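Q: When you get a sec, could you give me coordinates for this:
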Amino acid sequence: MATKAPEVAGEPTQTGTALLETATAAIQGFGPINKIHQHLCAFHFYANDMTRQVEAHHFCAHQNEDMRQCLIYDSPDADARLIGIEYLVSERLFLTLPESEMPLWHSHEYEVKSGILFMPRIPGPIERQDMEKIVKTYGKTFHFWQVDRGDALPLGLPQLMMSFTRNGQLYDHLGKDAEKRFGVKFEEEREKRAYMKGPDLGIHPKANGERNGQKTELREVVVTRKPMAAESATRGFV
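A: Numbers count the residues shown, from 1 in each chain. Okay, here's the model as predicted:
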């Protein structure tokens, strides 16, 4: 079964609130949202725990040919929860990153070529035109809402997420449930995408967390300051 988020904590939306939203929507512009042009469905796992896997619906917009940014929801439904974000960059941009940054990014080659990354309801020939580009990209993803553990609100720190890189990692029941609901067949699509090529220089060895788990943690840092007089003297103001 796909990850089912709990009911969001809080009272039902009141009629007055809904009317206000209708009024503001008729007046205001939503440029960044209106730029979204595609819906990608994929699966993520927590960077420090591959056993925690979730279905992730990306609604993406191009910034330019080398970068796109995506809002991630737990479903494609109107009441879906916004659970994270992902940035996708070309191999060219990825190679400009500091080496210390690279482990935070994951490759998309396996996701694309295996068929588990797909565009719901888009005909295969059209979908593959874009997959030929995505297969060469890298992504950086954080989830803010840990719906897989039943949280009714986005609790805790944002967590780095990763994507799958080989067979046998994605839980079979998650894949089969998505295939049934969206009418796709991963194995058939895998065969049709066999011709696709990943990054021109191969998957960078520092990508995918360097294959070591990573977890966002909050640490207390004690900052000591000099007495104001001493600080002023240091700056030459005394």
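Q: what pairs with the strand of greatest length in the chain, and is each one parallel or antiparallel?
A: For the chain, the strand reaching the highest residue count under DSSP state E is reported as strand 49-64. Counting by DSSP bridges, the strands paired with strand 49-64 are strand 38-46 (antiparallel), strand 67-73 (antiparallel).
Q: Could you provide those in JSON lines, with additional columns for distance to His173?
A: To be clear about C-beta, it is placed using only N, CA and C from the backbone, and glycine gets the same treatment. Listed next are the strands paired with strand 49-64 as JSON lines, based on distance: least, Cβ to Cβ, whole Å:
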{"stretch": "strand 38-46", "distance to His173": "12"}
{"stretch": "strand 67-73", "distance to His173": "21"}
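Q: So for His108, which of these sits nearest?
A: Closest to His108 of these is strand 38-46 (Cβ to Cβ; 8.7 Å).
Q: Just the buried positions in that closest one, please.
A: 39-46 (16 or more other Cβ atoms under 10 Å).
Q: do the same with stretch 209-218
A: In stretch 209-218, counting by 16+ other Cβ under 10 Å, buried: Gly209.
Q: same question, stretch 71-81
A: Buried, per 16+ other Cβ under 10 Å, within stretch 71-81: 71-75, 81.
Q: for those, which one is nearest Glu217?
A: Distance to Glu217 across the buried residues of stretch 71-81 (Cβ to Cβ) is lowest for Ile72, with 21.8 Å.
Q: Nearest residue to the closest one in space, ignoring adjacent ones along the chain?
A: Excluding the flanking residues, the one nearest Ile72 by Cβ to Cβ, 6 or more residues apart in numbering is Gly84, at 4.1 Å.
Q: The one you found and Gln146 touch, don't they?
A: No: taking Cβ atoms under 8 Å as the definition, Gly84 is not a contact partner of Gln146, at 10.0 Å.
Q: more neighbours, the two?
A: Shown here are Gly84 and Gln146; by other Cβ atoms under 10 Å, Gly84 has more neighbours (23 against 19).
Q: Report the contact partners of the more buried one.
A: Gly84 makes contact with 44, 56, 72, 141-145, 158, 161, according to Cβ atoms under 8 Å, 6 or more residues apart in numbering.
Q: Okay, angle between the helix or strand hosting it and strand 49-64 too, please.
A: Taking DSSP states H and E as the definition, Gly84 sits inside strand 82-89. Counting by axes from the mean of the first three to the mean of the last three Cα atoms, to 10 degrees, strand 82-89 lies at 60 degrees to strand 49-64.
Q: Lovely, talk soon.
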